[in-house]
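**Student:** Here's a sequence, model it:
(2 chains)
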Amino acid sequence: MPRKKSDWDQVKQGYLGMQEEAKTVQQREYIPEKACGKCKNFFASAGVTTGHCLVLKVGSDITSDPPVFVLDGEVNLMSDLKMDASKCKHYEEMELVDTDIGEAFDPRYSRHQRQMMK
Amino acid sequence: MAEIVAKTSTAPDRPLEELEQDRAWWWAAEKKRSPRLDYLRKAVWKKGRRGGAYEQGIKVDLESPQLYTDGWRANEGDPQPLRRAKANAYMMENRTVFITDHAQLVGTEGNLPHTLFANAQMLGGEIYNDPIVIPEPEEESLQLIADLSSYWSAQGGIREILKLLRSEDVGKYITGALMWGFPFGGSYGYAGKDYEYIFGPDQIPGAGKGFQDMIDEIQEQIDEAEAKLDSSPDGSEIDLYEKLPNWEAMQIALEACINHARRYARLARIIAENFEPDPKRKQELLRVAETCERVPAKPAQTFQEYLQLQHFIQTWTRIEEFESAWPTRPDYYGTPYYDKDVNVDKTLTKDEALDLVGEFLIRAYEMGHFLGRGGAEALQGIVGTWVWTLGGVNKDGSDACTDLTTAFLQAARMVRVANPTFGFRWHPQVKDEVMREVFECIRQGLGYPSIRNDPVLIANGMYWHRHPLEEMRTWVHQACMSPCPATKYGYQPCRMASATMNASKMVEYALHNGYDHCVNMQIGPKTGDARQFTDFEQLFQAWVKQMEWLMNFGVRIVNAGRANSYKNFGRPFLSGISERSVESGYDTVDPRSGERGNSWVTLFTFVENADSLASVKKLVFDDKKYTMDQLITALECNWDGYEQMRLDFVKNAPKWGNDDDYADEIMVRCLQEIARHSHELKDPCGNPWPVLPENVSGNIHFSNRVHALPNGRRLGDALYDGGISPGPGLDKKGPTAVLKSCGKINHISDGRAFLLNQRLSPTQLAGEKGYQLWKAYMKTWADLGLDHVQFNMVDDATLRAAQREPEKYQELIVRVAGYSAHFVDISRKTQDNIIQRTVQGLG
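**Tutor:** Predicted coordinates for the structure are as follows:
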């Protein structure tokens, strides 16, 4: 009998999927007005544009209609700086205090993305 | 030339002595160096990030990844090593080469002086999204990056390694809270070199191995293998199907290097014969041409050829794969060439040789590749930890310091680059005149050399990795700290940066039952609710379990990456210059090539464990001033609302570094537990995983990834700066007490190496008296058996002035941790952390 897919399996698949996805210039340039990367609840991974939500758990889907919010579980939802968070009721806009990226050492207050500086 | 130099020379019109008196070392250096060196130093582009951003004008080299990708696509049917070698060769045959005005050494990582090399496989969002480095025309460049990264995202080796790993390990790893770097072997290479093979065991000029010799040796292996395949099969021939493409790939890679050097030769000759009006410069260019025609095809014969060969090898290693370190011992291997030219044949004056050494340092400083945010945060202001090894002993145990050792130390003071830096292998036979040169570099504010205890580290390498004595005596810094032999079976072809743990998590998880309050997930194992702990031993045993879990987790990931790296990140060039690969036919990152192994786990943010455990033991369990319940509540609140209690934990609990057995015994006990477990862990070569506590600037990178701790630290505060350095401002008993605390650690059997940062007063250490004070301090350091110490000797007033008016202090250098950087290039948080370090008064 095949092993049941765990929440961690979903995280791994999601992460690999994000890494493998071929993206056009248009997709790469697009930053939603409310993006996960601008939210206080986004925890950026080191060295990549992915991260995870500090509130929502695996099984959540903030892009579906209607969105799904799962708050119980052991594993947090994988996300990306540019994920559209317009339907997320847990979205909390953060203040980007480090917009000149001279002090990019606090991932909570700094986004060194060219597209976010426009 | 004179006109150019005059325009760029801006040293104040004051006597040299006066500048030195005022410790205006940058201006003094400018007056001391030759006009040629002055031009080269000022013409170089700074490749490290300034804070989080690259300097305006720095661009990413897109020509190289595009050519590599074209070469890769054109050889689709080939086995991986061949395809890789051919793609690299195609790139090297076609990418732009340039020669800087007045240069006598050539070759760099990027295709132009202001570009950062970008490895095709690592092209991705970080470069695409960067606000500075996209070359004009921007639209075209963005399209190209998007196309290339889309192509490589489906091909990349990182993905292959991640696929192997358990989902739970991947999920925890990508939180970025536990480890640093990527779990694959080729990247962040830290590649050692088989220098004994390249320069020959006796280092006689002209008697080393040229690349053509290596190609011929590989051909003998191929011929032998083909003959075996022609004979009656007995099963042992099966491996040859894997080895033959490896050998062919090595040959292609070495031939590509010979051709690449000859492109520089051709360019130098064309400029000399057609465009250069200055007869002196014309001669220099012709010498560049002759040099590049000879090396690397044939062994180096002259000092210039030696330096050029060393520089080429590092350049090509970096073009082949992402390299973050620069393991080398330039004085030891260069001395025979220096002696021959300067002292025997007298074809080079001492000053000319010094000038070449200065340029050699500048050419290294010019190297640069794109670093993403994770890398840059822990390596602020630099591109990689390039710690060159000087001094030490010869293979027979005699003193290896020479005139060339002195020349490197003097040249460093003249060109004052922040990278490379030096680690000096101190041993009892080092002459006073050499120690004075070492001290002068420190006194003049370079922050380097770091001082390494040669007898201790030689014994350490023999203890942990079974390196024979004679081999261990050849050791070089593989990264900032770890010693590694430069021999056939001793040298390590890669070290994975991800074998770097965020060690504060050990105590954090022990206090929170494995729950991580930074990432809001259960990450560590459940080791009990600390609110219910009734004695210190329960807490310590929880700490031991969390430590073992973290070490197991990291090593499991790195072992998988390390053992499988050759499939995705093979190194045909590095293999071609490695005797064991030439002989065995296995890629050099393949453990089957015979590597003895030299693994270590870097522990960032380690000392917080000892201070936190000591604080809890004292204030909760011994004095019963607080309960565990109160403490855990305060920590969960990040000390908000508990400021008086927090200050109590900062001020009134014992701290490491004060020669106080209460805290020191806990520190030593922690390290001994780790050492015990290190022996239980094995790398793919069968060796244990000792730890190496240090931080580079990881103490800043992880400051938002470590929650509040019982040493009084809050989430977001900088962590301690060193590997065994006391917390900034918490060492209150003076420098000898720091040394005595550190001397309680066994620097051979408790771990791989231990980084100690110290700040000294530049006014106290002025003049002969200052040198004698420092020498007495170093004697205590050596007597106590410490393996490392490094110094900052810049006063607070200067550092604060540089914060106020950075434009006036562009060349001020500080020791961060394991590397040096220009003070203005590191973040404000790191600057403050350096200022907070205790200035130790000696004597």
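**Student:** Could you measure from the residue in the stretch 51-200 of chain B that chain A sits nearest to over to residue B:382?
**Tutor:** When you check the stretch 51-200 of chain B against chain A by Cβ to the nearest Cβ, the closest residue turns out to be residue B:52, at 2.2 Å. All C-beta spots, glycine's among them, are computed from the backbone N, C-alpha and C. Separation of residue B:52 from residue B:382 (Cβ to Cβ, to the nearest Å): 14 Å.
**Student:** Between the two, which has more neighbouring residues?
**Tutor:** Between residue B:52 and residue B:382, residue B:382 has the larger neighbour count (other Cβ atoms under 10 Å in any protein chain shown), namely 29 against 20.
**Student:** list the contacts for the more buried one?
**Tutor:** When contacts are counted by Cβ atoms under 8 Å, 6 or more residues apart in numbering or on different chains, residue B:382 touches B:48, B:418-419, B:819-821, B:825.
**Student:** do residue B:228 as well
**Tutor:** B:236-237, B:240.
**Student:** The same query, at a cut-off of 6 Å, please.
**Tutor:** residue B:237 (Cβ atoms under 6 Å, 6 or more residues apart in numbering or on different chains).
**Student:** Can you verify it is assigned to a helix?
**Tutor:** Yes - under DSSP: H, G, I helix; E, B strand; the rest coil, residue B:228 falls within a helix.
**Student:** How much space separates it from chain A?
**Tutor:** Using Cβ to the nearest Cβ, to the nearest Å, one gets 41 Å for the distance from residue B:228 to chain A.
**Student:** cool, residue B:743 as well?
**Tutor:** Distance of residue B:743 to chain A, computed by Cβ to the nearest Cβ: 34 Å.
**Student:** Would you mind confirming that that residue is in contact with residue B:781?
**Tutor:** No - applying Cβ atoms under 6 Å as the test, residue B:743 and residue B:781 come out as separate, 8.6 Å apart.
**Student:** Same drill for those two, tell me which one is more crowded.
**Tutor:** Per other Cβ under 10 Å, whichever of residue B:743 and residue B:781 has more neighbours is residue B:781, with 24 against 18.
**Student:** list the contacts for the more buried one?
**Tutor:** Contacts for residue B:781 were tallied using Cβ under 6 Å, 6+ apart; they are B:739, B:789.
**Student:** Helix or strand: which one has it?
**Tutor:** For residue B:781, the host element (DSSP states H and E) is helix B:767-783.
**Student:** mean confidence score for that helix?
**Tutor:** Computed over helix B:767-783, the mean pLDDT rounds to 95.
**Student:** CA atoms only for that helix, dumped as CSV, please.
**Tutor:** Coordinates of each C-alpha in helix B:767-783 appear next as CSV, following Å, rounded to 0.1, in the frame of the first residue of the first chain:
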residue,chain,number,x,y,z
GLY,B,767,55.8,51.7,19.0
GLU,B,768,58.2,49.1,20.3
LYS,B,769,56.4,48.9,23.6
GLY,B,770,53.2,48.0,21.8
TYR,B,771,55.0,45.2,19.9
GLN,B,772,56.4,43.8,23.1
LEU,B,773,53.0,43.8,24.8
TRP,B,774,51.4,42.0,21.9
LYS,B,775,54.3,39.5,21.8
ALA,B,776,53.8,38.7,25.5
TYR,B,777,50.0,38.3,24.8
MET,B,778,50.8,35.9,22.0
LYS,B,779,53.1,33.9,24.2
THR,B,780,50.2,33.3,26.6
TRP,B,781,47.9,32.5,23.7
ALA,B,782,50.4,29.9,22.5
ASP,B,783,51.1,28.5,25.9
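**Student:** which parts of it are buried?
**Tutor:** Within helix B:767-783, the residues that count as buried by 16 or more other Cβ atoms under 10 Å in any protein chain shown are B:770-771, B:773-774, B:777-778, B:781-782.
**Student:** now swap in stretch B:712-719 and tell me
**Tutor:** So for stretch B:712-719, counting by 16+ other Cβ under 10 Å, buried means B:712-713, B:715, B:717-719.
**Student:** so which residue of the stretch 251-400 of chain B comes closest to chain A?
**Tutor:** Taking Cβ to the nearest Cβ, the stretch 251-400 of chain B has residue B:374 as its residue nearest chain A, at 2.7 Å.
**Student:** continuing past the top helix by length along chain A, what's the next helix or strand?
**Tutor:** The longest helix of chain A (DSSP state H) is helix A:7-20. Going down the chain from helix A:7-20, the next helix or strand is helix A:25-29, by DSSP H and E.
**Student:** Pairing partners for the helix or strand just after that following helix, with directions?
**Tutor:** Using DSSP H and E, the helix or strand that directly follows helix A:25-29 along the chain is strand A:42-44. Counting by DSSP bridges, the strands paired with strand A:42-44 are strand A:50-57 (antiparallel).
**Student:** who does the helix or strand following the helix holding residue B:781 touch, helix- and strand-wise?
**Tutor:** Moving toward the C-terminus from helix B:767-783, the next helix or strand (DSSP H and E) is strand B:788-792. If you count contacts as 3 or more Cβ pairs under 6 Å, 6 or more residues apart in numbering or on different chains; DSSP states H and E, strand B:788-792 packs onto strand B:450-453, strand B:757-760, strand B:813-815.
**Student:** Contacts for the next helix or strand after the last one, please.
**Tutor:** So that's strand B:813-815. Following strand B:813-815 in sequence order, the next helix or strand is strand B:820-822 (DSSP H and E). Here strand B:820-822 makes contact (Cβ under 6 Å, 6+ apart) with B:381-382, B:418, B:421, B:447-448, B:813.
**Student:** ok so, going back, take the contacts of residue B:382 and write them to JSON lines, including pLDDT.
**Tutor:** JSON lines is the format used below for these (pLDDT from 0 to 100):
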{"residue": "B:48", "pLDDT": "89"}
{"residue": "B:418", "pLDDT": "91"}
{"residue": "B:419", "pLDDT": "92"}
{"residue": "B:819", "pLDDT": "82"}
{"residue": "B:820", "pLDDT": "84"}
{"residue": "B:821", "pLDDT": "87"}
{"residue": "B:825", "pLDDT": "86"}
